[in-house]
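Give the three-dimensional model of this entry:
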Amino acid sequence: MSPTVRSAEGAAGVEWRFEPWRERPLRAAAALIAAIALGLLALRTVPYPLAGWALFVGVLALLAPAYLPIACRLDDQGVARRIGWGWERRGWEAVRRARLDEQGVYVTPLRAGGPLEPFRGLMLPLPRRPDPELLAAVRAGLHSHGH
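Numbering: from 1, shown residues only. Now for the predicted structure:
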């Protein structure tokens, strides 16, 4: 899959998609089955139906990165990912650390790790065999912002 390098609103950037069902089908299936099973358990055990449905939706949303397609973007404003309908963004001014590894691009507003890092960081996953053009564009984008 080749990245899309575009200029939007005067900002050059790179965009790509991560498809869990293509990249990691067993993990995607296990996550969806677990989310549905836990949601059904919540529906059956919580005495208030509305609370049970809220837990059901919450579990589906919590595990969504494992089974829903993810649109990723790295541009002059920062990094962003879209899972489902909503975008989650981190501006470069908020990013203290960034790393690119075989899993993807991970950014965090914390200078050093800590107990809150898993909740504050943002992972933009890469395909298993990423296109060299995509890796070069991501490295250039991180380097141009001091990471």
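
Straight-line length of stretch 83-92, end to end?
The first and final residues of stretch 83-92 sit 20 Å from each other (C-alpha to C-alpha, to the nearest Å).

Just the buried positions in that stretch, please.
Applying a neighbour-count criterion of 16 or more other C-beta atoms under 10 Å, one finds 83, 90, 92 buried in stretch 83-92. To be clear about C-beta, it is placed using only N, CA and C from the backbone, and glycine gets the same treatment.

Next: stretch 50-63.
52, 55-56, 59-60, 63.

do the same with stretch 109-125
Buried residues in stretch 109-125 (16+ other C-beta under 10 Å): 109, 121-125.

Over to the spatially closest residue to residue 94 that is not a sequence neighbour: give its phi and psi.
Once flanking residues are discounted, residue 94 sits nearest to residue 109: 4.8 Å by C-beta to C-beta, 6 or more residues apart in numbering. Dihedral pair for residue 109: phi -80, psi 0, per degrees, to the nearest 10.

thinking residue 109 is in contact with residue 122, fair?
No - applying C-beta atoms under 8 Å, one finds residue 109 not in contact with residue 122, separated by 9.1 Å.

So which of the buried residues of stretch 50-63 are in helices?
Of the buried residues of stretch 50-63, the ones assigned to helices by DSSP state H are 52, 55-56, 59-60.

So which of the residues you listed is the closest to residue 143?
Lowest distance from residue 143 to these (C-beta to C-beta) belongs to residue 60, with 37.1 Å.

Enumerate every residue touching the closest one.
Listed by C-beta atoms under 8 Å, 6 or more residues apart in numbering, the contact set of residue 60 reads 35-36, 39.

residue boundaries of the strands in this protein?
Using DSSP state E, the strands found in the chain span residues 4-8, 11-18, 70-75, 78-83, 86-91, 97-100, 104-108, 122-125.

Nearest approach to residue 147 belongs to which of those?
strand 97-100 (3.7 Å).
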